[in-house]
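S.K.: Show me how the following folds:
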Amino acid sequence: MSRYVIGDIHGCAEELRRLIDALPLRDGDSVVFLGDYIDRGPDSAAVVAYLISLRQQLDGIEWVFLKGNHEDMFLSYLGLDGQHGDMFLINGGKATLASYGVAPDQFLPPQAFEAIPVAHVRFYKTLEKYHQMDSFLCVRPTGPAVHDLAGRYAQETLDALRASTWLERSPSASGAYPPLNVFRKGDDLVISKVADKEGWRDVKEQLLRSVGMATIPVIRIEDADFGHKRTLYLVHQHDDRDLHLENAEKTLGYVYRLWGREVVLESVVSGKRTLLTFNDRGFSAKTLK
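M.R.: Sure, this is the predicted structure:
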């Protein structure tokens with residue numbers, strides 16, 4: 001089974017046909033297009049018509065069509081779901097409209113929409129944002145999916161990291177944090193310091209560590225080719241707060257998907273140096289001597 005990833009086409013229908021004809025395609029192969037099928041080139045309409053026909057003529061092949069920023073602008077220009085439609089015409093959109101037979105004096109969204117075949121509108125509206133093939137993530141680097149993916153991965157990772165300690169601050173019944181160094185450890189509340197004349201500074205420092213960016217563990221890259229196997233070796237700067245293993249597993253899983261190889265994190269768990277590993281066999285923890 002072979003896989004092919006094809007980038008910008010930009011209205012070059014004849015070149016696209018020659019490229020597909022040259023591929024030694026067989027049933028079970030996958031072909032992923034990264035978007036930007038239209039604009040600038042001479043025949044965007046023919047490009048889309050050809051892409052639609054590929055699924056019908058070669059149904060043994062997996063055809064994946066992603067949305068590029070040019071298709072996103074085109075949809076927005078037509079009044080559909082997209083962004084930056086006001087930039088469509090000055091980014092090669094005039095050539096696209098001309099390929100659909102729209103005269104220069106008719107370059108307005110209503111006239112353009114009427115000129116586009118229903119099948120083509122459906123094609124634009126159903127383009128995918130990204131596609132994952134095992135450890136490979138296919139995405140348009142300037143397309144609308146980048147912000148969605150970055151936001152989703154960043155939020156999920158930050159959520160996991162913010163929760164990745166055993167200890168959580170515990171507010172009083174009134175909702176305010178008491179003048180005590182109060183933390184929750186498992187089902188128990190622990191008071192380690194009292195904000196009296198001698199202890200207030202320690203309490204303040206502990207509270208500052210439990211809010212904002214201080215809640216995120218500090219992790220550095222030790223080696224990006226550990227053991228000459230492209231293993232990513234990370235080291236957690238332990239500050240007397242152990243990582244929550246469940247959240248560490250989830251976070252290392254994200255890093256493994258992005259890195260594509262084994263990821264190792266050295267930390268301290270229950271006072272012992274520990275290696276947390278995520279690879280194709282899943283997550284594991286091993287105590288070091």
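
S.K.: which residues touch the residue nearest to residue 48 when sequence neighbours are not counted?
M.R.: In space, and not counting its chain neighbours, residue 48 is closest to residue 120: 5.1 Å by CB to CB, 6 or more residues apart in numbering. All C-beta atoms are positioned from the backbone trio N, CA, C, and that covers glycine. Residues near residue 120 by CB atoms under 8 Å, 6 or more residues apart in numbering: 45, 48, 49, 52.

S.K.: Which SSE is immediately downstream of the strand or helix carrying residue 120?
M.R.: Under the criterion of DSSP states H and E, residue 120 resides in helix 118-125. Per DSSP H and E, the first helix or strand lying C-terminal to helix 118-125 is strand 130-133.

S.K.: thinking again about what came up before, of the contacts of residue 120, grab the buried ones for ChimeraX.
M.R.: To isolate the buried ones among these in ChimeraX, judged by 16 or more other CB atoms under 10 Å, type:
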select :45,48,52
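
S.K.: From the contacts of residue 120, which land in helices?
M.R.: Secondary structure defined by DSSP state H assigns 45, 48, 49, 52 of the contacts of residue 120 to helices.

S.K.: Now pLDDT and distance to residue 217 too, for those, in TSV please.
M.R.: Listed next are the ones in helices among the contacts of residue 120 as TSV, based on pLDDT from 0 to 100; distance: CB to CB, whole Å:
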residue	pLDDT	distance to residue 217
45	97	53
48	98	48
49	97	53
52	97	49
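
S.K.: which residues of this structure fall in helices?
M.R.: According to DSSP H, the helices that the chain contains are 13-22, 44-57, 69-77, 93-99, 109-115, 118-125, 145-162, 200-209, 245-259.

S.K.: Just list what the second one packs against, helices and strands only.
M.R.: When you say that, I think you mean helix 44-57. For helix 44-57, the elements it packs on are helix 13-22, strand 62-65, helix 93-99, helix 118-125, judged by 3 or more CB pairs under 8 Å, 6 or more residues apart in numbering; DSSP states H and E.

S.K.: does residue 133 really touch residue 30, like I thought?
M.R.: Yes. Look at residue 133 against residue 30 with CB atoms under 8 Å: they come within range, at 6.7 Å.

S.K.: More neighbours: which of the two?
M.R.: residue 30 (17 against 13; other CB atoms under 10 Å).

S.K.: Chain neighbours aside, what residue packs nearest to residue 74?
M.R.: residue 88 (5.8 Å).

S.K.: which intervals of the stretch 151-289 of the chain have sub-threshold pLDDT?
M.R.: Counting by pLDDT under 70, the stretch 151-289 of the chain shows low-confidence ranges at 151-215.
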